[in-house]
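Q: Sharing a model that was predicted from the sequence below.
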Amino acid sequence: MIAIKNIEKVYSGKTVVNVPELNISPGEAVGLVGNNGAGKTTLFRMMLDLIRPTKGEVYSKGVNVAKSEEWKNYTGSHLDEGFLIDYLTAEEYFKFIGDLHGLTNGDITERLLPFTDLFNDEILNQKKYIRDFSKGNQKKIGIAAAALSNPELLILDEPFANLDPSSQIRLKNLLRKVREQKQITMFISSHDLSHVIEVCERIMILEKGELVQDMKTNENTLRELETYFTV
Ligand SMILES: Nc1ncnc2c1ncn2[C@@H]1O[C@H](COP(=O)(O)OP(=O)(O)OP(=O)(O)O)[C@@H](O)[C@H]1O
């Protein structure tokens, strides 16, 4: 589904991402963990053609994302709340995204149903603009919008950040359910090691821009990661 080849991003002479090779198969759920500044967001931004690599390419289904629009039809993503349209209500934003994908109002309502628990009666029918929602609720809007098109590939940057404990657990269960029901490919970064392990079957550690570990999740993974990050 995703193939990264010799990708590098350099800012002011400093290499912040350097990944010679990374492959993600269709249907895989991959977690990306790493300390602040490790390069997770930069890697996602290059995968979504939001910034261009200094060197190398990202291929989605064999096509270079910098040279094609095709991948946009089957890719959903939420990197941060800056991508939302602040002067719309949540409903208006979902309609805007739904229109891009040819969804009817009925489709949108149906596709938001699995988010009912996560929304916790605080997202829909609030008569307020996205800018006036809390950071956590803005994140819920962004994640739901990313999933609205039933994407084949879902990329989420720190989806658990700013969510209260109940919401984190609801989101974790929702992502697990989405994975089970639809063979979706996920690439998720998180600072929450236990949540990301529960959602993803494969975990990669990014350190100073380099992938230093790539492991299948098992009952020892949390302990191994905690040991790795204990300094
Ligand atoms: N536009 C930019 N100009 C210069 N340096 C940048 C730019 N964007 C990112 N960087 C640098 O690239 C490095 C990686 O940043 P990035 O945001 O990708 O890390 P991250 O792993 O997502 O961190 P965090 O966990 O704190 O969100 C950091 O040193 C950051 O300062």
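A: On my side now, so go ahead.
Q: Now P20. Nearest residue, chain neighbours left out?
A: With CB to CB, 6 or more residues apart in numbering as the criterion, P20 has its nearest non-adjacent residue at 5.6 Å, and that residue is N6. All C-beta atoms are positioned from the backbone trio N, CA, C, and that covers glycine.
Q: so what pLDDT did the residue located most distally from the centre of the chain get?
A: Taking CA atoms, centre = their mean as the measure, the residue most remote from the mean C-alpha position of the chain is G13, 28.1 Å away. At G13, the pLDDT value in this model is 96.
Q: Might you report the residue contacts of the residue nearest to P20?
A: 19-21, 55-57 (CB atoms under 8 Å, 6 or more residues apart in numbering).
Q: now the residue farthest from the centre of the chain: how far from the ligand?
A: 11 Å (CB to the nearest ligand atom, to the nearest Å).
Q: Could you pull up the residues touching the residue minimising distance to the centre of the chain?
A: Against the mean C-alpha coordinate of the chain, by CA atoms, centre = their mean, the closest residue is L156 at 0.9 Å. L156 is in contact with 77-78, 143, 146, 186-189, counting by CB under 8 Å, 6+ apart.
Q: same question, Q183
A: 26-27.
Q: ok, 10 Å please
A: 26-28, 152 (CB atoms under 10 Å, 6 or more residues apart in numbering).
Q: what's the answer for I24, then?
A: 1-4, 30, 47, 60, 153, 185-187, 202, 204.
Q: Now with 6 Å, please.
A: 1-2, 30 (CB atoms under 6 Å, 6 or more residues apart in numbering).
Q: And for P114?
A: With CB under 6 Å, 6+ apart, P114 has no contacts at all.
Q: Per-residue pLDDT of it, please?
A: 95.
Q: One more: the one 10 residues further on?
A: In the predicted model, L124 carries a pLDDT score of 97.
Q: tell me, how many neighbours does it end up with?
A: 16 (other CB atoms under 10 Å).
Q: now, among the contacts of N6, which is nearest to the ligand?
A: V19 (12.1 Å; CB to the nearest ligand atom).
Q: Partner strands of the one helix or strand the closest one maps to, with direction?
A: Per DSSP states H and E: V19 is located in strand 14-24. Strand pairing for strand 14-24, determined by DSSP bridges: strand 2-11 (antiparallel).
Q: Please see if the strand it pairs with touches the ligand.
A: Yes: counting by CB under 6 Å from any ligand atom, contacts between strand 2-11 and the ligand involve Y11.
Q: Now find how far off-centre that strand is within its chain.
A: 18 Å (CA atoms, centre = their mean, to the nearest Å).
Q: and T227, how many neighbours does it have?
A: 9.
Q: in what helix or strand does it lie?
A: With DSSP H and E as the criterion, T227 is inside helix 221-229.
Q: any idea how this protein splits into domains?
A: Domain ranges of the chain: 1-74+153-231, 80-150, per automatic domain parsing.
Q: tell me the contacts of I130?
A: 84, 86, 88.
Q: near the ligand too, which of these?
A: Okay, of the contacts of I130, nothing touches the ligand (CB under 6 Å from any ligand atom).
Q: Out of the residues you listed, which is nearest to E224?
A: L84 (35.7 Å; CB to CB).
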